[in-house]
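K.L.:
sequence plus predicted model, see below.
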Amino acid sequence: MPRRYNEKMFAVDHLRATADKCKNWGRWGADDERGTLNFVGPEELVAAAALVRKGKAFSLGLNFDRGGPQRGLWGNRFNPIHVMLATGTDAVAGVQDKGGLRYADDIVSLPMQCGTQWDALGHIFYDDKMWNGYDARLVTSDGAEKNGIEKVKDRMAGRGVLLDVARHLGLDYLEDGMAITIEDLNATAAAQGVEVRRGDFVIVRTGQMGDRLRKGEWGGYAGGDAPGLAFETCTWIHEKEIAAICTDTWGCEVRPNETKDASQPWHWVVIPMIGITMGEIFYLEELAADCAADKVYEFFFCAPPLPVTRAVGSPINPMAIK
């Protein structure tokens with residue numbers, strides 16, 4: 001059973017020792033900006049494509065609208081603002097007739113990480129460095145000169161694996177502050193009969209989003225307490241050589257954090273030191289139900305980011321295809 005966050009607190013020296021142990025800088029060359037996505041090559045893609053057997057697709061993206069999870073608990077993030085530039089009302093009123101075409105058009109304004117999204121490798125810094133040792137000052141008001149999300153626009157496809165921790169434990173959802181350990185991840189995989197392999201896109205279900213959607217109230221979902229991955233899973237991620245890690249929570253790791261010496265300590269290690277691209281706010285309820293029904297927890301996964309030049313994150317609509 002996942003432990004409570006305060007059952008195993010650690011100091012910053014443990015954080016730094018783990019960062020040194022998991023450091024992948026230079027592994028794919030001094031100029032690399034893709035990190036662990038390098039684990040996905042042609043062979044892995046061909047094998048992943050073969051996982052499509054019944055032609056059933058699942059969207060893992062939350063709709064982008066005013067009803068999203070952002071409630072002002074984290075920085076300047078807000079829910080998408082969608083505004084029409086031209087409408088059917090305009091068309092019927094004859095406003096557009098001079099141009100000879102009746103149409104609708106619109107615009108949206110949103111933080112790149114307000115909903116289902118990828119964190120780019122330029123998103124989190126370890127002291128004054130980001131992934132692969134690049135200077136943090138390379139991310140300026142003009143965006144990320146290094147490690148921008150556009151550098152991986154063709155890399156977000158491969159074998160997806162769902163680890164449904166909540167269902168494995170017989171729970172609808174994990175309570176806030178519950179830390180998913182390495183033992184929990186391994187036990188869930190074993191119970192599901194699925195092996196986590198090099199180059200996988202691993203998706204962990206806590207059930208938190210499903211619980212909030214059923215209740216019709218986000219509460220502190222985006223920025224507050226949450227179940228999530230324990231800090232110790234940094235070493236599991238590093239040793240398994242997975243391509244990416246994703247969850248149905250706002251920040252993947254358990255909150256409150258397991259240390260008082262740093263905020264989001266797991267982020268400190270996995271993004272800038274391991275070089276892993278992280279997916280957050282994934283909608284997993286329908287996929288999880290199908291996996292439980294047919295006992296197949298692997299699938300073809302595809303989730304390309306918007307190739308926004310020098311962005312440090314991107315909204316996405318991930319797809320799992322079985």
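P.N.:
Arrived safely, thanks for sending. Small disclaimer: the values here were computed from a predicted structure and weren't measured. Residues are numbered from 1 along each chain as shown.
K.L.:
my guess is Gly133 meets Trp25, correct?
P.N.:
Yes: using Cβ atoms under 8 Å, Gly133 is in contact with Trp25, at 4.8 Å. Placement of C-beta: from N, CA and C, glycine included.
K.L.:
which one of those two is surrounded by more residues?
P.N.:
Neighbour tally, Gly133 and Trp25, criterion other Cβ atoms under 10 Å: the higher count belongs to Trp25, 18 against 15.
K.L.:
separation between that one and Arg197?
P.N.:
Trp25 is 24 Å from Arg197, where distance means Cβ to Cβ, to the nearest Å.
K.L.:
could you do Pro256 as well?
P.N.:
Using Cβ to Cβ, we find Pro256 at a distance of 32 Å from Arg197.
K.L.:
now do the helices in the protein.
P.N.:
Along the chain, the segments classed as helices by DSSP state H run 12-22, 42-49, 88-92, 165-168, 182-192, 208-215, 233-240, 265-269, 285-294.
K.L.:
so what touches the shortest one?
P.N.:
Read that as helix 165-168. 2, 172-174, 180, 184-185, 187-188, 191-192, 204-207, 288, 292 (Cβ atoms under 8 Å, 6 or more residues apart in numbering).
K.L.:
please apply the same query to the first one.
P.N.:
Here helix 12-22 makes contact (Cβ under 8 Å, 6+ apart) with 126, 231, 234-235, 237-238, 259, 261-262, 265, 268-270, 273-274.
K.L.:
shaky segments in the chain?
P.N.:
Applying pLDDT under 70 to the chain picks out residues 1, 3-7.
K.L.:
can you tell me the centre-most residue of it?
P.N.:
Nearest residue to the geometric centre of the chain (Cα atoms, centre = their mean): Gly279, 0.9 Å.
K.L.:
ok, now which ones touch that one?
P.N.:
Gly279 touches 116-119, 201, 203, 244-247, 303, 316, 318, counting by Cβ under 8 Å, 6+ apart.
K.L.:
try it again with 10 Å
P.N.:
In this structure, Gly279 makes contact with 60, 116-119, 156, 201-204, 244-248, 252, 301, 303, 316, 318, judged by Cβ atoms under 10 Å, 6 or more residues apart in numbering.
K.L.:
among those, which ones are buried?
P.N.:
With neighbours counted by 16 or more other Cβ atoms under 10 Å, the contacts of Gly279 contain buried members at 60, 116-119, 156, 201-204, 244-248, 252, 301, 303, 316, 318.
K.L.:
perfect, that will be all.
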